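Asker: I need the structure of the sequence given here:
(chains A and B, ligands or ions: 1)
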Amino acid sequence: AEGQSEKQGKYEAAVECYSRGMEADGTNALLPANRAMAFLKLHRFSEAEQDCSAALALDAAYTKAFARRATARAALGRIREAKEDFEQVLKLEPGNKQAMSEIQKLSAVRNKQRRTIQPINKPEDLRSAKPLRRIDIQEVGAEISS
Amino acid sequence: KQSDSFPSSTKRPEFSLLVEPPTGNAEHLIAEILLPGVISARSLVLDLGEDRLVLIARPSLFHLDIFFPLLIDQENSVAQFNTKTQTLTVTMPVVSS
Ligand SMILES: [Ca+2]
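Answerer: Okay, here's the model as predicted:
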């Protein structure tokens, strides 16, 4: 069996290989997405996240890049953003089992993390004097036609 | 009282006020407001003050008028109505808490 440091060496070599590839061709989304995978294996999560974002800038419908970025963000404790990325995976691949189960897990984590406050009764003289502002409401949730 | 001007069928919707991130300095205040029966954002009127949220769902379905224990940035607040979950989510940057 492969030792831990041997594996690590392999992923480091992969990072180098993909880095060279990216220097030669900055338009191939596969390269940063694959380097992101190697970064994930090396637990270098910030770099993995950046590479996924780079891949998504080149290909906005790259499911694996969303899934890997979600994994990186979850590892960085950015649960809300991780969940949003897995939701993108589901949009692109409805029924994706990994995304569904990860969303469920992250929701449970988030529910524990919720920090809520209560509205207060404010006497008129303590209220802000700034006038109210009308806010546009964006409508979401319509069925996606694909 | 302002709410007296609404018909008695007008309800106060269920809502929650979340602070993000869960620990440390408050960066965003997120209001999640449940509006069962509302099918379009077009029937909603949302006004934000620096310390206040006023929502009306027409026709006289819901009315909410609440004050926050912190100040928010009205100019950079955004609102989304999800027609599937019939939930209005208002995300407001926190200016000071
Ligand atoms: Ca790899």
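
Asker: alpha carbons only: can I get stretch B:88-97 in CSV?
Answerer: Output of stretch B:88-97 as CSV, limited to C-alpha atoms (Å, rounded to 0.1, in the frame of the first residue of the first chain):
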residue,chain,number,x,y,z
LEU,B,88,-39.2,36.3,1.4
THR,B,89,-35.6,36.6,2.3
VAL,B,90,-34.2,40.1,3.0
THR,B,91,-30.4,40.4,3.4
MET,B,92,-29.2,43.5,5.1
PRO,B,93,-25.6,44.6,5.7
VAL,B,94,-25.2,45.5,9.4
VAL,B,95,-23.8,49.0,9.9
SER,B,96,-23.5,48.9,13.7
SER,B,97,-24.8,46.7,16.4
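
Asker: which stretches of the chain form strands?
Answerer: Went with chain A since none was named. A:116-117, A:133-134, A:137-140 (DSSP state E).

Asker: my bad, the chain I had in mind was chain B
Answerer: B:15-20, B:28-34, B:44-48, B:52-57, B:62-67, B:71-72, B:78-82, B:87-96.

Asker: columns distance to A:Ser107 on top of those, output as CSV?
Answerer: Bear in mind the C-beta positions are built from the backbone N, C-alpha and C, glycine included. What follows is the strands of chain B, written out as CSV (distance: least, CB to CB, whole Å):
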stretch, distance to A:Ser107
strand B:15-20, 14
strand B:28-34, 14
strand B:44-48, 26
strand B:52-57, 25
strand B:62-67, 25
strand B:71-72, 26
strand B:78-82, 15
strand B:87-96, 15
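
Asker: okay, the residue of chain A positioned farthest from its centre: pLDDT?
Answerer: No residue in chain A sits farther from the centre than A:Asp125, which is 44.2 Å out by CA atoms, centre = their mean. For A:Asp125, the model assigns a pLDDT of 91.
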